[in-house]
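> fold the stuff below for me.
(2 chains)
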Amino acid sequence: MTVVGSDTERLTRADNAEPLLVVKDLKTHFKIDAGIVKAVDGVSFELERGKTLGIVGESGSGKTVLSRSVMRLNIASNVINTGSIRYDGVELIDKSSKQMQKLWGVEMAMVFQDPMTSLNPVVRVGRQLTEHLRYHLGVGKAESRANAIELLRSVKIPEPESRIDNYPHEMSGGMRQRVCIAIALACGPKMLFADEPTTALDVTVQHQILNLLATQQQDRFMTMIMVTHDLGVVAGRTDEIAVMYAGKVVEKAPTPSLFADMRHPYTQALLWSIPKVSQPKHTRLSAIAGRPPDLINPPSGCSFSPRCPYAQDKCREEEPPLVAASTPGHEFACWYPVGSPENQEAYDRNLAAGVAVTLAAEGRITATEELTSDIIAADLINDVIDISNDEVGN
Amino acid sequence: MAGSGKAHLRPEGETVLRVEDLNVEFPVGHNRTVYAVSGISFDIAAGETLGLVGESGCGKSTTGRAILQLPRPTSGSVKLKQTDLMALDGEAMRATRTDLQMIFQDPISSLNPRRMIGEIVAEPLAVWGPFDEDEQWKIVANMLDAVGIDPGVARYKRPHEFSGGQCQRISIARALVMEPELIICDEPVSALDVSVQAQILNMLEDLKAQYGLTLVFIAHDLAVVKNISDRVAVMYLGKMCEVSESDELYANPAHPYTSLLLGSIPVPDPTADLDDTVMAEGELPSPLAPPSGCRFRTRCPLADEICERVEPQMRRVNDDHYVACHHPLVDADPATEVSLTN
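Numbering: from 1, shown residues only, chains lettered A, B, ... in the order given. Reported below is the predicted structural model:
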């Protein structure tokens, strides 16, 4: 690709000491009639050049809003953005949409979840691909067409010369997602956001798209943030993972140490609730009872405490800060972290007290749910003792 | 298969549902036809869960709906116990559908937003009886309780007051009030979060144990299907590739397509090797003009000339494992038409 800067230029810039992205205490609150939705509530992280950060959480945990806030895509009168986003030494938090336009596409780009709706159905893909090439880089018509064909080839679309004149409906979902990736890559951004890039796709196509993203990232030395609800997707493809719950990062660690030594009960519960092909059929899943909290009136103390099997009075009263774990770069926010003796004691206390350990959110408690909670709790404790060594530990 | 054949079917007396040579075709104008399902056969024993997996467009949902005769299949036979559903007229089919229920993918849009939960779940009873409202409510309340919804709280609420997971519980309750012989679950957990998905899967297992349900479980997530199914059938482009007991299928996939699917699953373990050897490219061919012979041959690394010419038939790998492939990845019996008259 001729559009992007030369490799040497990129490498010298990569020597800069400051990470490409430094986010500090970022808050995104939405004012709505019912109150203020604290979608992102005080998130901080740093991202080195060329690294991939995975952001994981359930729907409503604020992971998508976080990625959009960093890109400053949600600028509106009812949105309150505070904190600091330093990108390549430049503060973005006070930039207007107009100023951000110069950065979108060229510096940072996003691949959205749904390839069916993120392309314009009445415009040929060729024009959609070259639109910002021509806008940002002033590339001429003929040259931009050649660039577009090159881009389609680089995302492995067969026969790019004829495909360039297709409308989106003439392509399959996987192919449309490839086009979306090509659009995001067109101006050679340094930072790529992928927001659930494969959720709408089949498992075989998902595999292809994830491989494509990984090779493109390597070839172009891009920094990437991958937002997903699927721990499986991020496990092998990220350097670092941030687990979000109720607008906050509850655990953040280099990928290997997150899986080897997870400390937050939510991370653990999230991993255990996924059915795995390695388990025999009819394996009972450790479901997380209840549902994510109301972001307008989040629970006091730790926001996971209403669903947590280890929750104590302290958890319901005092919010745990992010503290460092033994591995460098590993942080978690929990008073009774998984794997510690306090955690075991807390669990034993809950079990002895006979409380339905995992209480559902207010008004949702039903007989059956309490029952299943007990089973889940029992499963969890067995798993803590039995599995943590062989399964999580390897 | 991508092929046909009935070697994998069990004797008729042991099965609740028996589908043979099912074809579903949709005319799409200009004399073209979508061959959505082409000559598949399968059966389900009482109390069994059959998982149907495959990529989107492989005809798994169409198969599920064809069992219910929605719409009527183009040809083939669908037998529920002794009744041939294909032979029934409209009114008789309507009465028989009380034995067949369906749970849909999107829980929120499958409930009428303007009706109260009590009415929604009681509707099948309002049509088929008992007609006494107190009696109906007794059944409904029982069922709501069984799916983990507080009947007293839910009765006068509307679907928008519930979360996606709760709405799915309500649709399951609605499917269960008729005490059906067979429930077809069409991607019941794909629209839900992982944590809620686990709740619903556990609940389906509990209900299955409690009520002895027989399920057809359609999903694209292989891990989910393995978790819930006793047997799994893998479909590709309107054909059946492989049928097997689930642990066996995942341990020893015999069909190259099954192996491709399994190789594509992202594993939540950073130390797992990313398998780049699985065929990176290729997409589903159009069901308007499916490939000759084995329909999977265009993406198959083992395909040769015979795959193009001859459609593979179901072959026995072992007692509960059958594959339709000329070049199975594990040893299989030679392909022969097995007579089913035992």
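> quick one, what contacts residue 141?
No chain specified, so I'll use chain A. The neighbourhood of residue A:141, defined by Cβ atoms under 8 Å, 6 or more residues apart in numbering or on different chains, consists of residue A:134. All C-beta spots, glycine's among them, are computed from the backbone N, C-alpha and C.
> wait, chain B
Contacts of residue B:141 by Cβ under 8 Å, 6+ apart are B:151-152, B:155.
> of those residues, grab the buried ones for PyMOL.
Here is the PyMOL selection string for the buried members of the contacts of residue B:141, based on 16 or more other Cβ atoms under 10 Å in any protein chain shown:
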select buried, chain B and resi 151+155
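> CSV for the contacts of residue B:141, including pLDDT?
Formatted as CSV, the contacts of residue B:141 follow (pLDDT from 0 to 100):
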residue, pLDDT
B:151, 90
B:152, 88
B:155, 90
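> of the contacts of residue B:141, which belong to helices?
B:151-152 (DSSP state H).
> now, among the contacts of residue B:141, which is nearest to chain A?
Using Cβ to the nearest Cβ, residue B:151 comes nearest to chain A of these, at 9.2 Å.
> test my guess that residue A:195 contacts residue A:113.
Yes. Residue A:195 is in contact with residue A:113 according to Cβ atoms under 8 Å; the separation is 5.5 Å.
> what sits in contact with each of those two?
With Cβ under 8 Å, 6+ apart, residue A:195 and residue A:113 have no common neighbours.
> returning to what we had before: could you dump the contacts of residue B:141 to a markdown table with distance to chain A?
Converted to a markdown table, those look like this (distance: Cβ to the nearest Cβ, whole Å):
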| residue | distance to chain A |
| --- | --- |
| B:151 | 9 |
| B:152 | 10 |
| B:155 | 13 |
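> what stretches of the chain score poorly on pLDDT?
I went with chain A, as the question did not name one. For chain A, applying pLDDT under 70 flags the ranges A:1-17, A:354-394.
> please refer instead to chain B.
For chain B (pLDDT under 70), the answer is B:1-3, B:272-282, B:335-342.
> could you pull out the strands for it?
Ranges of strands in chain B, per DSSP state E, are B:15-27, B:33-45, B:49-53, B:75-80, B:83-84, B:100-103, B:182-186, B:215-218, B:231-236, B:239-245, B:315-318, B:321-323.
> which residues are contacting the shortest one?
Outside of strand B:83-84, the residues that reach it under the criterion Cβ under 8 Å, 6+ apart are B:77-78, B:96.
> so how far is stretch A:119-129 off the chain centroid?
With Cα atoms, centre = their mean, to the nearest Å as the basis, stretch A:119-129 stands 27 Å off its chain's centre.
> count the residues that sit near residue A:326.
8 (other Cβ atoms under 10 Å in any protein chain shown).
> who are the contact partners of it?
residue A:261.
> distance of it from residue A:42?
24 Å (Cβ to Cβ, to the nearest Å).
> which of the contacts of strand B:83-84 lies closest to chain A?
Once Cβ to the nearest Cβ is applied, the member of the contacts of strand B:83-84 that ends up nearest chain A is residue B:78, at 26.1 Å.
> with adjacent residues omitted, what lies nearest to the closest one?
Nearest residue to residue B:78, sequence neighbours excluded (Cβ to Cβ, 6 or more residues apart in numbering or on different chains): residue B:85, at 4.5 Å.
> neighbours of the one you found, how many?
23.
> then the one 4 residues further on?
For residue B:89, the count of nearby residues is 7 (other Cβ under 10 Å).
> repeat that for residue B:323.
With other Cβ under 10 Å as criterion, residue B:323 counts 33.
> do residue A:142 as well
8.
> report the distance from the helix or strand containing it to the chain centre.
Using DSSP states H and E, the element containing residue A:142 is helix A:141-154. Computed by Cα atoms, centre = their mean, the separation of helix A:141-154 from the middle of its chain amounts to 30 Å.
> would you mark the buried spots in stretch B:82-92?
Under 16+ other Cβ under 10 Å, the buried positions of stretch B:82-92 are B:85-86, B:88.
> now the end-to-end length of it.
Start and end residues of stretch B:82-92 are separated by 14 Å (Cα to Cα, to the nearest Å).
> what would the contacts of residue B:141 look like in a markdown table with distance to residue A:305?
Converted to a markdown table, the contacts of residue B:141 look like this (distance: Cβ to Cβ, whole Å):
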| residue | distance to residue A:305 |
| --- | --- |
| B:151 | 28 |
| B:152 | 27 |
| B:155 | 31 |
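> and the strands in chain A, which stretches?
Using DSSP E, strands in chain A cover A:21-32, A:35-47, A:52-56, A:79-87, A:90-91, A:108-111, A:191-195, A:223-228, A:240-245, A:248-254, A:323-324, A:331-332.
> using a markdown table, lay out those together with mean neighbour count and distance to residue A:309.
As requested, those are exported to a markdown table (neighbours: other Cβ atoms under 10 Å in any protein chain shown; distance: least, Cβ to Cβ, whole Å):
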| stretch | mean neighbour count | distance to residue A:309 |
| --- | --- | --- |
| strand A:21-32 | 17 | 29 |
| strand A:35-47 | 20 | 24 |
| strand A:52-56 | 25 | 20 |
| strand A:79-87 | 16 | 32 |
| strand A:90-91 | 10 | 42 |
| strand A:108-111 | 24 | 36 |
| strand A:191-195 | 23 | 31 |
| strand A:223-228 | 25 | 25 |
| strand A:240-245 | 26 | 15 |
| strand A:248-254 | 24 | 15 |
| strand A:323-324 | 12 | 21 |
| strand A:331-332 | 23 | 16 |
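> mind putting those into TSV with distance to residue B:172?
Output for those, formatted as TSV (distance: least, Cβ to Cβ, whole Å):
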stretch	distance to residue B:172
strand A:21-32	32
strand A:35-47	31
strand A:52-56	28
strand A:79-87	38
strand A:90-91	51
strand A:108-111	35
strand A:191-195	31
strand A:223-228	27
strand A:240-245	27
strand A:248-254	31
strand A:323-324	42
strand A:331-332	36
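> for residue B:187, which of those strands is the nearest?
strand A:223-228 (19.3 Å; Cβ to Cβ).
> is the closest one in proximity to chain B?
No. Using Cβ under 8 Å from any Cβ of the partner chain, we find that strand A:223-228 stays clear of chain B, coming within 9.4 Å at best.
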